[in-house]
Each structure stands twice: as structure tokens, then as C-alpha cells.
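J.: sharing a model that was predicted from the sequence below.
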Amino acid sequence: MLEVRDLHVSYGAIKALKGISFKVEKGKVVTLIGSNGAGKTTTLKAICGLVRVQSGNVFLNGENITNKPTNEIVSKKIAMVPEGRRIFPNLTVYENLLVGAYQRNDKDGIQEDMEWIFSLFPVLKERLNQKGGTLSGGEQQMLAIGRALMSRPDLLMLDEPSLGLAPIIVEQLFEVIQKIHSEGKTILLIEQNAYAALNIADYAYVLETGRIVLQGTGKELLANEEVKRAYLGG
Amino acid sequence: MSDAQASACAFSSGGVLMNLTLFLQHLANGVALGFVFGLVAIGYTLVYGVVKLVNFAHGDIFMMAAFFVYYGIVLFSFPWFLSFLFAIFLTALLGISIEKVAYKPLRNAPRISSLCSAIGMSFLLENFAIVVFGGRQKPFYQPAVLNKTLNVWGVRIQLVTIITIVVSIGALFFLSYLVYKTKMGLAMRALAYDFDTARLMGINVDRTITFTFAVGSSLAAISAIFWALRYPQIWPFMGVFPGWRAFTAAIIGGIGSIKGAMVGGFLIGMISILLVAFLPDLAGYRDAFIFIMLVFVLLFKPTGLFGET
Ligand SMILES: Nc1ncnc2c1ncn2[C@@H]1O[C@H](COP(=O)(O)OP(=O)(O)O)[C@@H](O)[C@H]1O
Ligand SMILES: [Mg+2]
């Protein structure tokens, strides 16, 4: 579904990605783990066209989407939940969901998807007319995921959804992510919380200072000594 | 008639009535002027809200609109009504072009760069107007139908005043609908918070900004027409003081807030008219009063009356 080939991205003199390649196959959960500053967010931004790719390519279902405008890329059934949630605090919960469906015009379908999102996150329905900024961190993350789903994507990319959330909320969140996956979405998950991510991943890549240093199935990496030492705290 | 007699007369029922009708007359003018400032202020606030830029050329866009009307009539012999529409359309195009030429290339530059560019654009438009239109005042066409004076229960109100109020209210309703009920409005409000996240939602950022400038400039054109109908001499610097006053109105109301821009415009319109009417000796200090009000509002509420922190 998604293929990244030899991607290079720099911020001025800082080389953030030094040639990374990976694949996300349809129907799988793929995770990219790595410590702070490894280049995880940059990878997602490059896929979405939010930062310029210097060399290398991004293919979506065989189509080269490298450096296309973001609004064009996200029209190809790909959605991203950005790091830090980035919900619109000045818009209501309802408007936040609606803005997620910005490129759609099928009123009935939009309503249908909204109902589906309420079934995933019932709390959003209760908060429907509240401003996004008044939600708790966990609720904001749910809204950010709901908003991304409103575009009815085939591929959902999440950038550190567990960041700054209490463990019990993180647990619920990962359950919902699995549920979304079981309903037919392909998932690219970025995490520092390596244990939780590897547990649900079909395949995983480890990113270190702009390079992929390890890859394997979730189980393989969970058992890997290096991964244990560097990312699983033992 | 001695002073005592005069004041006795003023306290008689007829005198009170006289003062009341006079007051209502001034009030109507104040309301109309308030709307005019409010519509200009909305132009500042919309653009600031979406792209975080104080469009210092906005007052000069207002001036250009008046000249577009003038040339529509003088050069192309359009009927006045068509000429008004022509000017609104051209002004929207002008606003869009200014954004493309002077602001868009600086969108990722430090904020101060686009601010300088805006000030430069303001001077450019003023000097362009001097060279092309000439520095001397030109008479603004006064359609005879609009120049009637109506008598409403003894209060004499010019038809223009009433039309100004009605059209402004219409423009406001349209604007609220646009911003709060349409997809484009949703995009504008999303952009106001975060460009990149708006992009991720599939919003076309350039198109939304273009639209924002078109709306702000059209409102400036509408208010310029009403302004020129009231003060029918137009010249290249006619936008400077209305521009500053409207900008002040936007700040008083809380920049970024449409409601605030309207309330700020009202306060300033009222002060301007009532001061001239009732304290004519102090009328020359009108702008001093306006800026004192600004200082006081900011002292107690640094984000303006309706501004968010
Ligand atoms: N806007 C930016 N300007 C300059 N350097 C940046 C910017 N964003 C990220 N970087 C640098 O790029 C590298 C990768 O960052 P990032 O992709 O955010 O890592 P991660 O998401 O894995 O924590 C880091 O060294 C970071 O400092
Ligand atoms: Mg990151």
C-alpha cells in the first residue's frame, strides 16, 4: 500500500532522514519506533508533503506522491493524526470532526462515519458542542483520531498517540487502534512506547538518527536483545 | 433674550423634544459611521485572524475602492449602481493580488518581514494614486435618489444613512453565515489555528487565504462607498485616518474577533459623531479621544474586549 524508498530530508544543515526505506502492506499494523529525535515525525511529514523530500520517493498504491501538495496527498485515502494531537481548540468537537471530512460531500456517508466514531469514542458524542480546547488530553487524542477517520482513509498514520497520557488511557487507546484495524484500516503507528506498539504490530522498524537500524515482526523485535536494552528498559 | 430666558426655554417641553430629536439624528449618524468603521475593522480582523498579519495597506485598499467607483462613472460611464458593484469586484481583485505579490512570498519568513511589506504596500498604493489619479481632491458622485432626507417622527435622517445601516447589517449577516456555516468559513477558522494541521485535513491553504482577502477587501469597498457618499471628496490619502481608526477599532474589540471589530467600530463611530455634535470645541481632539479609549481598554483587557488569549 505504502512504500518509502531511500528517503532523505534535511532541515537546513541538520540531516533528519539519511535514506530510509520501508513498506506498509495493506491490512497490516506497521510500527516505527525510535527515541526522541530519531526522525519519526519527519518521516510522517515527508509522506504527507509537509516537509520537502530531498531525494528518494514515496509510493502510495504504486503512485509516486513524493512532494505533492498535502491536500492532494490526503485526498488519496491517507490520513494522519499529528504529534501532540493538534485538534482545533477554537472549533467545537462537532466542527473538528466535520473539518476532518473537508474533502467529502456525501452528507449521509459523513453522518454514518460520525456515528461509527461515536461508537468508538462515546465521550465525543457527549462533548459534541464543547470547544475542542476544553477537552482533556485523552479526549483530545480521541478527537484527533476521530477527525482523521472522518476522511474515510484506507491508511491511518498515528504519530505518538500515547504521548503524555496516563497508562490506563493508553491501554484503552491501543484497544481502539486494534479495533479500527480489525474494521479494515491499514495502520502505520509511530511510538516511543515501544512495548505497546510492538505488541500490536505485524511488522516493525527501528529508527535511529535518521536510519533504519533493525526490522522484523513485532514478536521478533520484542524478543531482540538490543531492542530490549534500548527501548524496553531491560 | 437673556441667558436665563434661554435656559428656561431649553427646559420647556419643546426644548427637550428639540434636543431629543437632535440627539436621535446624531445617533443615527453615529450608528451609520459605526457600521462603516466596523466593516473596515472586520477586514483587518479577518486577515489577522487567518494569516496573523496586520494588513497596513487595508486603508489604502479602501481608498482605491472609492477611485474605482469614480472611474467607473467618469471613464466608463457606468450607471452609479453598476459602478459600485464594479468597484467592489475590482477591490476584491486588488486585495487578492496584494496578498499574492506582497505577503505570500513571505509566509514562512519572520513576522516582521510581512509587516514591513504591508507598510511598503501602503505607501506604494498611496503614491500610485498620486501619480495616476492626481493629488487633488475629486468629487464623488452623489446619486440624487440617495440624497433625500426623510422625516421620521420629526427626526431628519438622510436616506444614505438608512441605506448604510441596512446594507451593513445585511453584509454582517452574510459574513456570519459565511464564517460560521459554510465549509470555506470552517477552513478559515481552522487555518486561524494551524496551517499544517489544516493542510492535513485536505484544506487548500492558498485558496482559503485568497478568499479571506477577497472578503476583507470587498467589505472595505462597501464601506468606502458609504464613506464617500457621506464625505464626497476623494483623494489618495483618504484611507489613512479611516484605516487607523478602524484598525484601532479592531484592537479595541480584540483582533481576530468579528464581533469585537463591530463593537470597536461602533464605539469609534459614536465618539466621532457625538463629539462633533455636542462638544464641537473638542472635535479636533477626536483621534486623541479614540486613542485614549484604546489605551484604557488595553490597560484593563490587553487582548481587547472580545479577544482570546
Ligand atoms: N522544524 C525543524 N527545524 C529544524 N530541525 C528539526 C525540525 N524538526 C525536527 N528537527 C530535527 O530533526 C530531527 C528529527 O526530528 P523528529 O522527526 O521530530 O524526531 P522524532 O519524531 O523521532 O522525535 C531531530 O534532530 C530534530 O531536532
Ligand atoms: Mg516526533
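T.: Good, I have the coordinates. Ligands and ions are numbered 1, 2, ... in the order given.

J.: contacting residues for the closest residue in space to B:Phe289 that isn't next to it in sequence?
T.: Sequence neighbours aside, B:Ile271 is the residue nearest to B:Phe289 in space, at 5.6 Å (criterion: Cβ to Cβ, 6 or more residues apart in numbering or on different chains). For every residue, glycine as well, the C-beta is placed using N, CA and C. By Cβ atoms under 8 Å, 6 or more residues apart in numbering or on different chains, the contact set of B:Ile271 is B:286, B:289-290, B:293.

J.: just the buried ones among those, please.
T.: Applying 16 or more other Cβ atoms under 10 Å in any protein chain shown to those, the neighbour count classes B:286, B:289-290, B:293 as buried.

J.: and the closest residue in space to B:Leu33 that isn't next to it in sequence, what element?
T.: Nearest residue to B:Leu33 in three dimensions, chain neighbours excluded: B:Gly269, at 3.7 Å (Cβ to Cβ, 6+ apart). Element membership for B:Gly269 (DSSP states H and E) is helix B:258-278.

J.: all helices for chain A, in order.
T.: Taking DSSP state H, the helices of chain A run over residues A:40-48, A:70-73, A:93-100, A:107-120, A:122-126, A:137-149, A:167-182, A:194-200, A:218-223, A:225-231.

J.: do you know the pLDDT at the residue nearest to B:Phe289?
T.: Note on B:Ile271: pLDDT of 90.

J.: quick revisit: turn the helices of chain A into CSV, columns for distance to ligand 1.
T.: Converted to CSV, the helices of chain A look like this (distance: least, Cβ to the nearest ligand atom, whole Å):
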stretch, distance to ligand 1
helix A:40-48, 3
helix A:70-73, 16
helix A:93-100, 23
helix A:107-120, 26
helix A:122-126, 27
helix A:137-149, 16
helix A:167-182, 18
helix A:194-200, 12
helix A:218-223, 17
helix A:225-231, 12
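
J.: how about these in a markdown table, adding mean neighbour count, distance to B:Phe300 and mean pLDDT?
T.: Output for these, formatted as a markdown table (neighbours: other Cβ atoms under 10 Å in any protein chain shown; distance: least, Cβ to Cβ, whole Å; pLDDT from 0 to 100):
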| stretch | mean neighbour count | distance to B:Phe300 | mean pLDDT |
| --- | --- | --- | --- |
| helix A:40-48 | 23 | 41 | 96 |
| helix A:70-73 | 19 | 42 | 95 |
| helix A:93-100 | 24 | 31 | 97 |
| helix A:107-120 | 14 | 42 | 95 |
| helix A:122-126 | 15 | 36 | 95 |
| helix A:137-149 | 24 | 32 | 96 |
| helix A:167-182 | 15 | 40 | 94 |
| helix A:194-200 | 20 | 49 | 91 |
| helix A:218-223 | 17 | 58 | 89 |
| helix A:225-231 | 15 | 53 | 83 |
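
J.: distance to chain B for these - can I get that in a markdown table?
T.: Putting those into a markdown table (distance: least, Cβ to the nearest Cβ, whole Å) gives the following:
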| stretch | distance to chain B |
| --- | --- |
| helix A:40-48 | 6 |
| helix A:70-73 | 4 |
| helix A:93-100 | 5 |
| helix A:107-120 | 12 |
| helix A:122-126 | 17 |
| helix A:137-149 | 8 |
| helix A:167-182 | 18 |
| helix A:194-200 | 21 |
| helix A:218-223 | 27 |
| helix A:225-231 | 28 |
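
J.: and the ones you listed as CSV, adding distance to B:Cys116?
T.: Formatted as CSV, the helices of chain A follow (distance: least, Cβ to Cβ, whole Å):
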stretch, distance to B:Cys116
helix A:40-48, 30
helix A:70-73, 29
helix A:93-100, 33
helix A:107-120, 43
helix A:122-126, 44
helix A:137-149, 37
helix A:167-182, 46
helix A:194-200, 47
helix A:218-223, 53
helix A:225-231, 48
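
J.: and of these, who's closest to ligand 2?
T.: The closest of the helices of chain A to ligand 2 is helix A:40-48. By Cβ to the ion, the value is 3.2 Å.

J.: output the closest one as CSV, restricted to C-alpha atoms.
T.: In CSV, the C-alpha atoms belonging to helix A:40-48 read as follows (Å, rounded to 0.1, in the frame of the first residue of the first chain):
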residue,chain,number,x,y,z
LYS,A,40,9.9,9.5,13.2
THR,A,41,7.8,12.7,12.9
THR,A,42,9.8,13.9,9.9
THR,A,43,9.1,10.6,8.2
LEU,A,44,5.3,11.1,8.5
LYS,A,45,5.6,14.7,7.5
ALA,A,46,7.5,13.7,4.4
ILE,A,47,4.9,11.2,3.4
CYS,A,48,2.2,13.8,3.8
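
J.: by contact count, what packs against it?
T.: strand A:2-11, strand A:14-24, strand A:29-33, helix A:70-73, strand A:78-81, strand A:155-159, strand A:186-191 (3 or more Cβ pairs under 8 Å, 6 or more residues apart in numbering or on different chains; DSSP states H and E).

J.: center of the chain - which residue?
T.: Unless you meant another one, I'm taking chain A. A:Leu158 (1.5 Å; Cα atoms, centre = their mean).

J.: sorry, should have said chain B
T.: B:Val40 (2.3 Å).

J.: and that one, what does it touch?
T.: With contact set as Cβ under 8 Å, 6+ apart, B:Val40 has these partners: B:58-59, B:62, B:219-220, B:223, B:242-243, B:246, B:249, B:265.

J.: do A:His181 as well
T.: A:29, A:187, A:200.

J.: how close does it get to A:Leu189?
T.: A:His181 is 9 Å from A:Leu189, where distance means Cβ to Cβ, to the nearest Å.

J.: so what sits against both of the two?
T.: Residues touching both A:His181 and A:Leu189 by Cβ under 8 Å, 6+ apart: A:29, A:200.

J.: okay, now the domains of chain A?
T.: Listed domain ranges for chain A are A:1-77+A:154-173+A:184-234, A:89-152 (source: automatic domain parsing).

J.: make CSV from these and add distance to B:Tyr177 to it.
T.: Shown next, in CSV, are the domains of chain A (distance: least, Cβ to Cβ, whole Å):
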stretch, distance to B:Tyr177
domain A:1-77+A:154-173+A:184-234, 24
domain A:89-152, 15
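
J.: do you know the pLDDT at B:Ile225?
T.: With respect to pLDDT, B:Ile225 has a value of 97.

J.: neighbours of it, just the number please.
T.: Neighbour count for B:Ile225, taken as other Cβ atoms under 10 Å in any protein chain shown: 25.

J.: quick one: low-confidence ranges for the stretch 1-150 of chain B?
T.: Applying pLDDT under 70 to the stretch 1-150 of chain B picks out residues B:1-18.

J.: that one: strands as residue ranges?
T.: Ranges of strands within the stretch 1-150 of chain B are B:138-139, B:149-152, based on DSSP state E, counting those that start in this stretch.

J.: among those, which is nearest chain A?
T.: The closest of those to chain A is strand B:149-152. By Cβ to the nearest Cβ, the value is 41.6 Å.

J.: and the contacts of the closest one?
T.: Contacts for strand B:149-152 (Cβ under 8 Å, 6+ apart): B:156-159, B:162.
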